[in-house]
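[1] missing the sequence, but the structure's below:
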């Protein structure tokens with residue numbers, strides 16, 4: 001299922017994409033001084049959050065879909081090539097330490113495999129079958145979600161993943177920087193911030209990549225908040241896998257309860273190391289067993305556990 005179309009067909013397709021157009025504001029890029037180059041890039045980058053903001057209705061639909069599937073025991077798969085694939089792996093990798101999720105809950109799949117994380121594996125993005133085999137290997141199910149990430153809108157590797165996701169009944173989302181193109185995106189939600197042509201023509205690691213990073217941030221953070229992984233604006237399910245995270249856990253407990261630094265250790269110890277349990281114990285004035293019961297009843301929501 002590799003892309004076997006003629007070079008001319010692909011050439012014509014690229015000509016329809018916003019991200020492949022020349023940016024009139026940077027046509028003299030090679031004549032600018034260093035400070036002028038940087039100012040121009042900064043000005044172009046300011047367009048990105050505005051473009052992402054216009055896609056919030058679609059991002060909301062994506063978050064709701066992710067929440068619904070994860071609540072049913074599903075998993076979230078990011079699939080992409082090159083910069084898009086690396087961004088998916090990055091976001092997936094950050095979920096366990098930030099939200100205490102199992103490593104399998106949010107997974108990143110990149111064309112070319114792990115080697116492609118540190119070096120370019122040319123041609124791997126053209127193999128749609130490879131992404132489908134990767135999802136088959138992970139036993140993709142109806143309750144899972146597949147997010148195809150592709151700046152160009154036409155990357156076979158990401159499109160193949162979406163196609164396979166639809167075939168098994170999984171939720172499907174496309175994240176692209178091209179609102180329109182010759183490729184029709186058949187999926188549940190399309191998120192396509194129009195960031196415009198790049199400062200360096202066709203280099204979608206720039207504005208398109210920045211937009212994708214913002215969108216993925218919003219999808220996982222929004223979903224994890226909705227799933228009770230956050231209390232107020234505090235990470236209460238983070239994993240203390242390093243000294244830094246141990247100290248951050250103490251700061252979160254202090255901010256959530258008003259406790260002093262000296263009190264954090266004893267409280268966390270009484271809570272069996274669980275930050276959520278410790279917060280509920282102190283805020284609600286209950287035992288460890290009662291805090292755990294309340295959290296279970298509240299499906300992990302700290303605010304509700306304290307109230308109950």
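    Received the coordinates, thanks. The model shown is predicted, which means the values in this text are computed figures rather than measured ones. Numbering: from 1, shown residues only.

[2] residue 189 contacts residue 58, correct?
    Yes - taking contacts as Cβ atoms under 8 Å, residue 189 lies within contact range of residue 58: 5.7 Å. Where C-beta positions appear, they are placed from N, C-alpha and C, glycine not excepted.

[3] so the two - more neighbours on which side?
    Legend: neighbour count by other Cβ atoms under 10 Å for residue 189 and residue 58, higher for residue 189 (23 against 18).

[4] now do the SS call for the residue nearest the centre of the chain.
    By Cα atoms, centre = their mean, the mean C-alpha position of the chain lies nearest to residue 216, the distance being 2.9 Å. Secondary structure, DSSP: H, G, I helix; E, B strand; the rest coil: residue 216 is helix.

[5] my read: it touches residue 85, true?
    No - at 11.7 Å, residue 216 and residue 85 do not qualify as touching, with contact defined as Cβ under 8 Å.

[6] find residues that contact each of these two.
    Common neighbours of residue 216 and residue 85, using Cβ atoms under 8 Å, 6 or more residues apart in numbering, are 78, 149.

[7] could I get the full set of helices for the stretch 101-250 of the chain?
    Ranges of helices within the stretch 101-250 of the chain are 128-137, 156-168, 207-226, 243-257, based on DSSP state H, counting those that start in this stretch.

[8] among the ones you listed, which comes closest to residue 298?
    helix 207-226 (13.9 Å; Cβ to Cβ).

[9] what about the nearest residue to residue 168 once chain neighbours are set aside, neighbour count?
    For residue 168, ignoring the flanking residues on the chain, the nearest one in space by Cβ to Cβ, 6 or more residues apart in numbering is residue 140 at 5.5 Å. By other Cβ under 10 Å, the residues close to residue 140 number 23.

[10] mind checking which of the helices of the stretch 101-250 of the chain is nearest residue 296?
    With Cβ to Cβ as the criterion, residue 296 lies closest to helix 207-226 of the helices of the stretch 101-250 of the chain, at 18.3 Å.

[11] how far off centre is the closest one?
    Between the centre of helix 207-226 and the centre of its chain there are 5 Å (Cα atoms, centre = their mean, to the nearest Å).

[12] tell me which residues of stretch 102-121 come out buried.
    Across stretch 102-121, burial judged by 16 or more other Cβ atoms under 10 Å covers 105, 106, 107, 108, 109, 110, 111, 112, 116, 121.

[13] in strands, which of those residues appear?
    Using DSSP state E, the members of the buried residues of stretch 102-121 that fall within strands are 106, 107, 108, 109, 110.

[14] okay if I get those as a markdown table plus distance to residue 249 and pLDDT?
    Shown next, in a markdown table, are those (distance: Cβ to Cβ, whole Å; pLDDT from 0 to 100):
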| residue | distance to residue 249 | pLDDT |
| --- | --- | --- |
| 106 | 21 | 98 |
| 107 | 25 | 98 |
| 108 | 26 | 98 |
| 109 | 31 | 98 |
| 110 | 31 | 97 |
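
[15] out of these, which is nearest to residue 283?
    residue 106 (29.1 Å).

[16] distance of that closest one relative to residue 229?
    Per Cβ to Cβ, to the nearest Å, residue 106 is found 12 Å from residue 229.

[17] for the closest residue to residue 49 other than its chain neighbours, what are its contacts?
    Leaving out its chain neighbours, the residue that sits closest to residue 49 by Cβ to Cβ, 6+ apart is residue 214, at 6.6 Å. Going by Cβ under 8 Å, 6+ apart, residue 214 touches 48, 49, 52.

[18] element containing the nearest residue to the residue nearest to the centre of the chain once chain neighbours are set aside?
    With sequence-adjacent residues excluded and distances taken as Cβ to Cβ, 6+ apart, residue 216 is closest to residue 91, at 4.2 Å. Per DSSP states H and E, residue 91 falls inside helix 82-99.

[19] test my guess that residue 102 contacts residue 95.
    No - with contact defined as Cβ under 8 Å, residue 102 does not reach residue 95; the gap is 9.1 Å.
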